[in-house]
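Participant: Here is my input, please return the structure:
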Amino acid sequence: MKNTFTLLIITLLSFSSCKNESQKTTELTTKTEVSTAVKTEIESDLKITPINHATMVLEYGDTVIYTDPVGGSDAFKGQKKPTIVLITDIHGDHLSEETLEALDLSNAIVVMPKAVAEKLPELNAIEHIILDNGKTTTVKKHTIEAIPMYNLREEALKFHEKGRGNGYVITLGEERIYISGDTEDIPEMRALKDIDKAFVCMNLPYTMPIESAANAVLAFKPKQVYPYHFRGTEGFSDVVLFKTMVNNSNKNIEVIQLNWY
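Facilitator: Predicted structure coming up:
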């Protein structure tokens, strides 16, 4: 009788242990699935086509953005008609009246600083929006912020004065895209938040050296950075060294080199 009672106790304890182990396994599986779900990344729906130097085409769904279109209509052969045109500055590598007049802007809204608007003739566009530094507008459901762009070095102050030109932050879906325009590593760039893709200039003597560009990128930490506008009077800036500088300090920033030239 005593042996039978002992066997019954062992059986009950064994059943209880298996039940508890089963609960632990279920809980562990659930927690693992939640953790995996949190780490899932959203792929970008943005298509980037470099044209030359500061000029590119960004496509997001039905939105087609031309930035600083220069090079005549031939430079945009095979591209969809623009729905948004962004112009950063008055210099010839950013503003080309001939190109703007040659392009089909019948479905486009043109966003520009006042200094650019003062130099443009009437264009066949839906609308012209003048955007001052620090201002924000909404174009075709996309938010566009005007970010200052200017020089800091004494010898370069004559090239880009504060308030004349615009960099831009465009929100396309879940992504924030920064286009620097001609600038140095200004406080307004360093203070940027939540940037997914950044197009950052680096050429001398007009903008900034690669060391300054790398320091700025390390300050505002975009997920991806695209060196652009890197041809200067002495040739091309060393974008390979720029990538090394960035990734030696922060391997989480992806540096992507496109074929600009």
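Participant: where do the helices sit along the stretch 101-250 of the chain?
Facilitator: Taking DSSP state H, counting those that start in this stretch as the test, the helices found in the stretch 101-250 of the chain are 114-117, 187-190, 210-220, 239-249.
Participant: What separation do you get for Val239 and Pro227?
Facilitator: Taking CB to CB, to the nearest Å as the measure, Val239 falls 4 Å from Pro227. C-betas here are computed from N, CA, C, even on glycine.
Participant: Which of those two has more residues huddled nearby?
Facilitator: A count of neighbours by other CB atoms under 10 Å puts Pro227 above the other of Val239 and Pro227, at 28 against 18.
Participant: Kindly confirm whether my reading is correct that the more buried one touches Val200.
Facilitator: Yes. Here Pro227 reaches Val200: they are 6.3 Å apart, a contact under CB atoms under 8 Å.
Participant: shared neighbours of those two, which are they?
Facilitator: Ala213 (CB atoms under 8 Å, 6 or more residues apart in numbering).
Participant: out of the helices of the stretch 101-250 of the chain, deepest packed?
Facilitator: helix 210-220 (a mean of 20; mean count of other CB atoms under 10 Å).
Participant: gap between the closest residue in space to Leu204 that isn't next to it in sequence and Pro205?
Facilitator: Spatial nearest neighbour of Leu204, excluding adjacent residues (CB to CB, 6 or more residues apart in numbering): Gly232 at 4.6 Å. Between Gly232 and Pro205 the computed distance is 7 Å (CB to CB).
Participant: rewinding a little: which strand residues bridge the residue nearest to Leu204?
Facilitator: Gly235 (DSSP bridges).
Participant: need the contact list for it.
Facilitator: Asn203, Leu204, Pro205, Tyr206.
Participant: show me where the stretch 151-261 of the chain has strands.
Facilitator: 165-172, 175-179, 197-200, 224-227, 231-232, 235-236, 254-255 (DSSP state E, counting those that start in this stretch).
Participant: Just send these back as TSV, with distance to Tyr261 and mean pLDDT too.
Facilitator: Shown next, in TSV, are those (distance: least, CB to CB, whole Å; pLDDT from 0 to 100):
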stretch	distance to Tyr261	mean pLDDT
strand 165-172	21	98
strand 175-179	18	98
strand 197-200	15	98
strand 224-227	11	98
strand 231-232	6	96
strand 235-236	7	96
strand 254-255	17	98
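Participant: Show me where the stretch 1-150 of the chain dips below the pLDDT cut-off.
Facilitator: 1-43 (pLDDT under 70).
Participant: which stretches of it form strands?
Facilitator: Going by DSSP E, counting those that start in this stretch, the stretch 1-150 of the chain shows strands at 47-52, 55-60, 63-67, 84-86, 109-112, 127-130, 136-139, 142-149.
Participant: is it possible to export those to a markdown table including mean neighbour count?
Facilitator: Shown next, in a markdown table, are the strands of the stretch 1-150 of the chain (neighbours: other CB atoms under 10 Å):
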| stretch | mean neighbour count |
| --- | --- |
| strand 47-52 | 16 |
| strand 55-60 | 20 |
| strand 63-67 | 24 |
| strand 84-86 | 24 |
| strand 109-112 | 23 |
| strand 127-130 | 15 |
| strand 136-139 | 14 |
| strand 142-149 | 21 |
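Participant: Just put these in TSV and tack on distance to Ile179.
Facilitator: Below are the strands of the stretch 1-150 of the chain laid out as TSV (distance: least, CB to CB, whole Å):
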stretch	distance to Ile179
strand 47-52	11
strand 55-60	8
strand 63-67	6
strand 84-86	7
strand 109-112	11
strand 127-130	16
strand 136-139	14
strand 142-149	8
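Participant: In stretch 67-74, which residues are buried?
Facilitator: Thr67, Asp68, Pro69, Val70, Gly71 (16 or more other CB atoms under 10 Å).
Participant: And the strands of the stretch 1-150 of the chain: which comes nearest Asp182?
Facilitator: strand 142-149 (5.7 Å; CB to CB).
Participant: Point out the other helices and strands that the closest one packs with.
Facilitator: strand 84-86, strand 136-139, strand 165-172, helix 187-190 (3 or more CB pairs under 8 Å, 6 or more residues apart in numbering; DSSP states H and E).
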